[in-house]
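Peer 1: Would you be able to build a 3D model of this:
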Amino acid sequence: MTIARPVAALAAITALVTSCSDTADDAAGASKDDKPQETGIVATAAGSMKVEFKDFTVTCRPSEDDQPDAQIVSATSGWDFNRGPGGPTVPTEPAMLIEAADTTGRETLDLPHVEEWGNEKTFLVGFITEVGKEVEFSSAEEQATGQIEVISASCDPEPRLEVRIDGTFGSEVSDATVTVKGYVSAD
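Peer 2: Model (predicted):
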């Protein structure tokens, strides 16, 4: 009987350690086998009207004349900035623009976000033309809340933008808001 107790205790400890080890191995294995996150931003307005943006084109442009020198990475969906004699075309369907400065570090910015003049690292804007009957939603408007995480923004060697958005954009022309959630990886 005296040997049975230590053997039973050892068996119980072994089972506990093995089950914890299996759980850790399962968690580690799950992260190794996860597929890359798909690009897609979903904007949801009042009344559950939804618009999804999946196909993004990314380009680079210099900063405005009155700003410090920087390269601005632009990711657009449904909006072509390379057409039209006087600039970008006006979209006929919902479109989205995400712009960030070409930076080397990861940055998470709270909304509403307005850049600090002279600090190009803080340049970031998200804009949606329309969701349902509501229009002109921006990450810089007073009603905006949440965060935009810039994972990477680069123009060299090729334009690339990777962001995660979890927040609310406010309309520039009304009190309307739109919930914006998703991830973009565009190059």
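
Peer 1: When you work out contacts or count neighbours from here on, use the C-alpha atoms and nothing else.
Peer 2: Will do.

Peer 1: and the longest strand along the chain, which strands flank it?
Peer 2: With secondary structure taken from DSSP state E, the chain has its longest strand at strand 160-171. In the sheet, strand 160-171 lines up against strand 134-138 (antiparallel), strand 145-154 (antiparallel), strand 177-186 (antiparallel) (DSSP bridges).

Peer 1: For that strand, what does the pLDDT average out to?
Peer 2: Strand 160-171 comes out with an average pLDDT of 96.

Peer 1: Any chance of the strands paired with strand 160-171 in JSON lines with mean neighbour count, mean pLDDT and distance to residue 170 as columns?
Peer 2: Shown next, in JSON lines, are these (neighbours: other Cα atoms under 10 Å; pLDDT from 0 to 100; distance: least, Cα to Cα, whole Å):
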{"stretch": "strand 134-138", "mean neighbour count": "22", "mean pLDDT": "94", "distance to residue 170": "5"}
{"stretch": "strand 145-154", "mean neighbour count": "21", "mean pLDDT": "95", "distance to residue 170": "8"}
{"stretch": "strand 177-186", "mean neighbour count": "22", "mean pLDDT": "96", "distance to residue 170": "5"}
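
Peer 1: how about those strands, which one is nearest residue 171?
Peer 2: Across the strands paired with strand 160-171, the minimum distance to residue 171, taken as Cα to Cα, is reached by strand 134-138, at 4.2 Å.

Peer 1: Spatially, which residue comes closest to the most centrally placed residue in the chain, not counting chain neighbours?
Peer 2: For the chain, residue 164 is the residue whose C-alpha lies nearest the centre (Cα atoms, centre = their mean; 1.7 Å). Once flanking residues are discounted, residue 164 sits nearest to residue 183: 4.4 Å by Cα to Cα, 6 or more residues apart in numbering.

Peer 1: Run through the residues that contact the one you found.
Peer 2: 37, 38, 39, 40, 41, 162, 163, 164, 165 (Cα atoms under 8 Å, 6 or more residues apart in numbering).

Peer 1: how about 10 Å then?
Peer 2: Contact analysis of residue 183 by Cα atoms under 10 Å, 6 or more residues apart in numbering lists 37-42, 54, 148-149, 162-166.

Peer 1: Compute the distance between it and residue 45, please.
Peer 2: Distance, residue 183 to residue 45, using Cα to Cα, to the nearest Å: 18 Å.

Peer 1: same thing with residue 51?
Peer 2: Separation of residue 51 from residue 45 (Cα to Cα): 9 Å.

Peer 1: how about the strands in the chain?
Peer 2: Ranges of strands in the chain, per DSSP E, are 40-45, 50-53, 57-62, 71-77, 96-101, 107-110, 124-131, 134-138, 145-154, 160-171, 177-186.
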